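Asks: build me a model:
(one chain, ligands or ions: 1)
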Amino acid sequence: MTVLAVLLILAVLAIALFAVPAIRRRVVTPSIMNAMARALPRMGDTERIALEAGTVWWDGDLFSGRPDWKKLLEFQRKPLSARERAFLDGPVEELCGMVEEWKVEHEGDLSPEVWRFIKEKKFFGMIIPEEFGGLGFSALANSAVVTKLSSRSVAAAVTVMVPNSLGPAELLLHYGTEEQKRHFLPRLATAEEIPCFALTGPEAGSDAASTKSRGVVCRGQYQGREVLGMRLNWRKRYITLGPVTTLIGLAFRLYDPDHLLGGTEDLGITLALIPPDLPGIEIGKRHDPLGVAFLNGPIYGRDVFVPLDSIIGGKARAGQGWQMLMANLAAGRGISLPGLSTGAAQLCARVAGAYGTVREQFDLPIGRFEGIEEPLARIGGLAYVMSGARVLTAGAVDAGEKPAVVSAIMKAYLTEGMRTVVNAAMDIQAGAGISRGPRNVLANAYMAVPIGITVEGANILTRTLIIFGQGAIRCHPYVRTEMESVAKKDLARFDQAFFAHMGFIVSNALRCLGHAITGSRFARPSGVPVPAGAYLARFTRLSACFALVSDAAMATLGGQLKRREKLSGRLADALAWLYLGSATVKKFWDDGRPDEDLPFLKWGCEKALCEIESALVGVLENLPNRAAAWMLGIAIFPLGAHPRPPSDALGAQVARALLDDREERLRLTRDIYVPPPDDPGLGRLEAALDKVVAAAPAIAAVKAAVRAGKLTREPEGTLLERAFKAAVIDESALRRIREAEKARDDAIQVDEFDPRQLPHHAPGSLEAESSRR
Ligand SMILES: Cc1cc2nc3c(=O)[nH]c(=O)nc-3n(C[C@H](O)[C@H](O)[C@H](O)COP(=O)(O)OP(=O)(O)OC[C@H]3O[C@@H](n4cnc5c(N)ncnc54)[C@H](O)[C@@H]3O)c2cc1C
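Replies: Okay, here's the model as predicted:
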């Protein structure tokens, strides 16, 4: 037999083994399936339930390596209705005007008038349908209200946000019995009932499912009758609105040791509605969340007896609490905190742009210094990205999606965005950002940052465990089917998914290489002109790279990947920035592609591309299987990896768009509250900005005359008078400059207090102070 014949026979055998399903399923697939069963991570019930909650949306496209840009760009979100717009321009505007954040901070609560107004205008009932007496708003409107309120008062925003996010109202809407809905929803809509939701306890923070709060099914006395119910014991903390609640949404583990419900002993996490005035409940103390004055505190219950119909959804829902929570978090996380973070980002863009124009040092507005341009660019660029992501995600929820992975991305990366933006704005305002008082607009947002980072799934956990961990299984085109078929020992289904998966890997590897060598030239979607189209092409390439690297990480690490949180955190970064980059282009597209917004579009896309590439490089550099990392490197970065942040020149364009009260700045910050000129904070700053901008040409004329030697700078006190006399400026210009200088001087002042007015003043401390002098 010739060598050729042997090779031919081997080739035929290989083809028969791998390409003929009937042979493959007998010879090859069973051992692959067994190996996979050994390698797969063990999954607990709580994880499985979390994985099953919600839907896969644009995240599925990003995981596929072939995002369908046409689908994204054509996606039309439901616009705000006339009623929702009127609410934003009416009651929300009015509420913003009523809240004085500094006073709220001092008094530790919103004023009674503000509380009354919130109740009267049904701010607590935004998600409750009109048929139950609520406002029946869309997710977009809910998020827009939070965005606007948070730009004025974090305390007011959080107070309004909580009853409209995961809690009694939302749970009742989805799972309540008809009787529960009819009784509670109208009362919740008008805040006759003030809800709180108590999940976290001292022992169960991030690992909320491990709660030690427990209920035992038993008989007991309730309102004079003996009924079948639950005896509850719990310790909860950090509960927002807890100190004033009239309706506790409580999460606990329910046991039925005497099998009174006829089923298993450990029924699982259960959610119930508990009135706070029952014997055994201790309530009313407060935590102090970094001085941000929303109401937050612990709630304790000892041997509290409630009937079984306290369970949300009744007896039939006993033990289903975790599913209920996960399903609602799947959408909710994408709305409230992202809305709050975007409000803070737009506020920072507005404040930093105005301050950078009004505040002068070294005879120049500080915004003109390159050093200040850097934080200004971060603020403007991120505010644009976050604004796009907010609207896109709320639109998806309104379209019926419950995108669990996208919502987790939104929660973690927008609150991180808020941290970056607020820090940058604080650096620009420097002393004026640090000295607290009515004039300071940033201090409260600064204090609120760690709260946003921590609540609704702390960011480290969300980034390193949830986003990629869940995404890899639920958004990947094949992994979930493979896992399910392994669990069910369904060989035919496994075989089909596994070999399609192999084809997917090979095709992604070839596409990565092709796009890298051709500069993604052939990945541009038709009908999308440059630069947006070119960015989409680069995102397509990186989406394919992400898909390939994800597969390699899963294949080489198997179940271990779950514990390799530094790697899965980087993969989460790549996925998150693919989403944020998509949202940036979508915003530009939906806003009508204004040329003036090009710097924002470019900054957002360049930032996203850099973050994705850096994350992928980080995975390759740290992947334990070095051979796989080397091969991946050849496929995805054949010409080397060069993650580049937005250039200095681009950053300068973004920074300039925020200065001088330009149209772009106003468009970027259109979702926030802008107070009238007599407001001591942003109002005063905006008024000064107007005057400084109006006087700018006249000031420039005086400076030019000085430079030309027509006027001498000294004595400075008479410079304007001399400029007027020398006809460099006319009388109205002189007046404009004087008004601008007065307003500028006023806007850069900070608050001063008599020590007795300060919250930390303790009796006797003044005497101690004077004795030290
Ligand atoms: C102001 C405020 C308001 C709140 N409001 C409410 C409310 O209304 N209702 C309610 O039920 N709860 C509420 N919470 C609780 C909040 O949800 C928890 O604080 C949060 O879940 C984190 O729990 P923890 O603080 O105990 O942190 P821990 O769970 O102790 O976590 C500490 C750190 O470890 C990280 N971590 C934990 N596990 C992992 C892991 N496996 N991998 C990587 N990192 C990990 C976390 O990300 C975090 O950075 C509130 C908290 C605050 C501060």
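
Asks: for A352, give me its contacts.
Replies: Neighbouring residues of A352 by C-beta atoms under 8 Å, 6 or more residues apart in numbering: 375-376, 379, 424-425, 428-429, 658. For every residue, glycine as well, the C-beta is placed using N, CA and C.

Asks: repeat that with 10 Å
Replies: 366-367, 372, 375-376, 378-380, 383, 421, 424-429, 433, 442, 655, 658-659, 665 (C-beta atoms under 10 Å, 6 or more residues apart in numbering).

Asks: so what's the residue nearest to D730 when sequence neighbours are not counted up against?
Replies: Among residues not flanking D730 along the chain, F724 sits closest, at 7.5 Å (C-beta to C-beta, 6 or more residues apart in numbering). The contact partners of F724, by C-beta under 10 Å, 6+ apart, come to 702, 730-731, 733-735, 737.

Asks: distance of the residue in the stretch 151-300 of the chain positioned nearest to the ligand from A458?
Replies: Nearest residue of the stretch 151-300 of the chain to the ligand, counting by C-beta to the nearest ligand atom: G205, 1.9 Å away. Distance, G205 to A458, using C-beta to C-beta, to the nearest Å: 8 Å.

Asks: M326 too?
Replies: M326 is 17 Å from A458, by C-beta to C-beta.

Asks: who has more neighbours, those two?
Replies: M326 (20 against 16; other C-beta atoms under 10 Å).

Asks: tell me the residues of the stretch 451-600 of the chain that contact the ligand?
Replies: Contacts of the stretch 451-600 of the chain with the ligand, taken as C-beta under 6 Å from any ligand atom, map to 451, 454-455, 458, 460-461, 464-465, 565.

Asks: the chain too?
Replies: So far as C-beta under 6 Å from any ligand atom goes, the chain lies against the ligand at 196-200, 205-206, 238-240, 289, 296, 451, 454-455, 458, 460-461, 464-465, 565.

Asks: let's see that with 8 Å instead.
Replies: 162, 167, 196-200, 202, 204-208, 236-242, 251, 287, 289, 292, 294, 296, 450-451, 454-462, 464-465, 565 (C-beta under 8 Å from any ligand atom).

Asks: show only the entries of these found in strands.
Replies: 196-198, 236-240, 251, 296 (DSSP state E).

Asks: which among the residues you listed gets closest to S151?
Replies: Closest approach to S151 among these (C-beta to C-beta): T240, at 19.8 Å.

Asks: any idea how far G717 is from the ligand?
Replies: Relative to the ligand, G717 is positioned 52 Å away (C-beta to the nearest ligand atom, to the nearest Å).

Asks: state the pLDDT value of D309.
Replies: On the pLDDT scale, D309 is placed at 95.

Asks: leaving out sequence neighbours, find the closest residue to it.
Replies: K315 (7.3 Å).

Asks: I figured the one you found hits L228, correct?
Replies: Yes: applying C-beta atoms under 10 Å as the test, K315 and L228 come out as touching, 8.6 Å apart.

Asks: overlap of the contact sets of those two?
Replies: Joint contacts of K315 and L228 (C-beta under 10 Å, 6+ apart) are 217, 261, 307-309.

Asks: can you mark which positions in whatever helix or strand L140 lives in are buried?
Replies: If you go by DSSP states H and E, L140 is part of helix 139-150. Across helix 139-150, burial judged by 16 or more other C-beta atoms under 10 Å covers 139-150.

Asks: coming back round to it: from the contacts of F724, which is closest to P477?
Replies: I737 (64.7 Å).

Asks: gap between stretch 45-59 and the chain center?
Replies: Counting by C-alpha atoms, centre = their mean, to the nearest Å, stretch 45-59 is centred 18 Å from the centre of its parent chain.

Asks: helices or strands up against the helix or strand where I118 lies?
Replies: Secondary structure assignment for I118, by DSSP H and E: helix 112-120. Using 3 or more C-beta pairs under 10 Å, 6 or more residues apart in numbering; DSSP states H and E, the elements in contact with helix 112-120 are helix 93-98, helix 154-161.

Asks: could I get the ones you listed as JSON lines with mean neighbour count, distance to C348 and mean pLDDT?
Replies: Below are these laid out as JSON lines (neighbours: other C-beta atoms under 10 Å; distance: least, C-beta to C-beta, whole Å; pLDDT from 0 to 100):
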{"stretch": "helix 93-98", "mean neighbour count": "17", "distance to C348": "17", "mean pLDDT": "98"}
{"stretch": "helix 154-161", "mean neighbour count": "26", "distance to C348": "13", "mean pLDDT": "95"}
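
Asks: with distance to P680 added, can I get those helices in TSV?
Replies: Shown next, in TSV, are these (distance: least, C-beta to C-beta, whole Å):
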stretch	distance to P680
helix 93-98	13
helix 154-161	17
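
Asks: between these, which one is nearest to A53?
Replies: Short answer: helix 154-161, nearest of those by C-beta to C-beta, at 21.1 Å.

Asks: would you write a PyMOL line that selects the buried entries of the residues of the chain next to the ligand?
Replies: To isolate the buried ones among those in PyMOL, judged by 16+ other C-beta under 10 Å, type:
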select buried, resi 162+167+196+197+198+199+200+204+208+236+237+238+239+240+241+242+251+289+292+294+296+450+451+454+455+456+457+458+459+461+462+464+465+565
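
Asks: test my guess that F546 contacts G581.
Replies: No: between F546 and G581 there is no contact under C-beta under 10 Å: 11.5 Å.

Asks: can you check which residues contact both of those two?
Replies: Common contacts of F546 and G581, defined by C-beta under 10 Å, 6+ apart, comprise 62, 539, 612.

Asks: so which of the residues you listed are in strands?
Replies: Among these, no member falls in strands (DSSP E).

Asks: any idea which of those residues is closest to A14?
Replies: Distances from A14 to those, taken by C-beta to C-beta, are shortest for L62, at 34.3 Å.

Asks: can you give me the neighbour number for the closest one?
Replies: 27.

Asks: ok, it to T264 distance?
Replies: Applying C-beta to C-beta to L62 and T264 gives a distance of 40 Å.

Asks: which residue ranges of the protein form strands?
Replies: According to DSSP E, the strands that the chain contains are 195-198, 214-222, 225-240, 247-255, 266-274, 281-283, 296-307, 360-361, 364-365.

Asks: looking at those strands, which is buried most?
Replies: strand 195-198 (a mean of 27; mean count of other C-beta atoms under 10 Å).

Asks: which strands and helices sit next to that strand?
Replies: Using 3+ C-beta pairs under 10 Å, 6+ apart, strand 195-198 sits against helix 168-175, helix 178-189, strand 225-240, strand 247-255, strand 266-274, strand 296-307.

Asks: any idea of the mean pLDDT for the helix holding L140?
Replies: Helix 139-150 comes out at a mean pLDDT of 98.

Asks: same thing with stretch 667-675?
Replies: pLDDT averaged over stretch 667-675 gives 97.

Asks: and that stretch, what's buried?
Replies: 667-669, 671-675.

Asks: burial measure for A695, as a count.
Replies: A695: 23 neighbours (other C-beta under 10 Å).

Asks: give me the low-pLDDT residue ranges for this protein?
Replies: For the chain, applying pLDDT under 70 flags the ranges 1, 16, 759-773.

Asks: circling back to that earlier point, save the strands of the chain as a markdown table, and put in distance to L40 too.
Replies: Below are these laid out as a markdown table (distance: least, C-beta to C-beta, whole Å):
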| stretch | distance to L40 |
| --- | --- |
| strand 195-198 | 34 |
| strand 214-222 | 32 |
| strand 225-240 | 35 |
| strand 247-255 | 27 |
| strand 266-274 | 24 |
| strand 281-283 | 44 |
| strand 296-307 | 40 |
| strand 360-361 | 61 |
| strand 364-365 | 60 |
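
Asks: among the ones you listed, which is nearest V28?
Replies: Nearest of the strands of the chain (C-beta to C-beta): strand 266-274, 40.3 Å.

Asks: before we move on, the earlier item: next step: the buried residues of stretch 667-675 restricted to helices.
Replies: Secondary structure from DSSP state H places 667-668 of the buried residues of stretch 667-675 in helices.

Asks: what is the nearest of the buried residues of stretch 667-675 to L271?
Replies: D671 (33.3 Å).

Asks: pull the contacting residues for the closest residue to the closest one other than its chain neighbours.
Replies: Leaving out its chain neighbours, the residue that sits closest to D671 by C-beta to C-beta, 6+ apart is T147, at 4.9 Å. Applying C-beta under 10 Å, 6+ apart to T147 gives the contacts 88, 92, 157, 338-347, 386-387, 390-391, 394, 671-673.
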